[in-house]
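**Q** For reference, the sequence and a predicted model appear below.
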Amino acid sequence: ISSNTNITMNPVYQQIQNKLTQLQLERDSLVQRYTPEDRLVKDKEKEIEELRKKLETVKQTTVGSENISLNDVHRRILNELLGARVQLKALNEKKAALTNQVESYSTAAADKKRKKRTLIITRRRPKKREFPMPWTSASSATPIYWRRRVFPCREQVGALCCF
């Protein structure tokens, strides 16, 4: 931070100083005409003394103006810092958007993988045959040997009969 202070002479102090100078000149001219013990000279000296006391109470200088400003380097660094903060915020928002997009793509990919697996499993299952098999009857898709009852024959021991 740099500061610039403009100090000026106090106008009241200058007026008193000018008045004091004027009174001293008048006293000197009176001393040339009169003796130092004369009443006019003593009155002038009294006025001069009063002005000197008054002059001591008034400040000689005053602050006319004071400018406080940031150093150029400091200002540049602050601007760069603010710019970096804005970029960081933008990048964080972009990161959040891209993360959401990656999550949606991951979900879609997992969904497609699950559907593909289901399709592969479905393709591996044998299809139901629509044409009659040799061991089935024309009226039914159930195999003939399942409809027959098989039980031991009474006539032959160890033989099976089918009805």
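**A** Arrived safely.
**Q** State the number of residues packed around residue 58.
**A** Residues lying near residue 58 (other Cβ atoms under 10 Å) number 14. C-beta here means a position set from N, CA and C on the backbone, and glycine is covered the same way.
**Q** tell me the contacts of the nearest residue to it once chain neighbours are set aside?
**A** Distances taken as Cβ to Cβ, 6 or more residues apart in numbering put residue 13 closest to residue 58, at 4.9 Å, once the chain neighbours are dropped. By Cβ atoms under 8 Å, 6 or more residues apart in numbering, residue 13 lies in contact with 55, 58-61.
**Q** Can you convert those residues into CSV and add a column each for distance to residue 100 and secondary structure?
**A** Below are the contacts of residue 13 laid out as CSV (distance: Cβ to Cβ, whole Å; DSSP: H, G, I helix; E, B strand; the rest coil):
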residue, distance to residue 100, secondary structure
55, 79, helix
58, 73, coil
59, 69, coil
60, 71, coil
61, 67, strand
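**Q** so which of those residues would you say is closest to residue 83?
**A** Closest approach to residue 83 among these (Cβ to Cβ): residue 61, at 42.9 Å.
**Q** That closest one and residue 9 touch, don't they?
**A** Yes - contact criterion Cβ atoms under 8 Å: residue 61 and residue 9 qualify, at 6.0 Å.
**Q** can you map out the strands along this structure?
**A** 2-9, 61-69, 150-152, 160-162 (DSSP state E).
**Q** now the last one: mean pLDDT?
**A** By that I understand strand 160-162. For strand 160-162, the mean pLDDT works out to 48.
**Q** before we move on, what about the second one?
**A** Confidence over strand 61-69 (mean pLDDT, whole number) is 66.
**Q** how close does residue 102 get to residue 108?
**A** The spacing between residue 102 and residue 108, counted by Cβ to Cβ, to the nearest Å, is 11 Å.
**Q** Looking at the chain, which helix is longest?
**A** Assignment by DSSP state H gives helix 72-124 as the longest helix of the chain.
**Q** avg pLDDT for it?
**A** So the average pLDDT for helix 72-124 ends up being 86.
**Q** hang on, the earlier thing: the more surrounded of residue 61 and residue 9?
**A** Ranked by neighbour count (other Cβ under 10 Å), residue 61 and residue 9 place residue 9 first, with 13 against 10.
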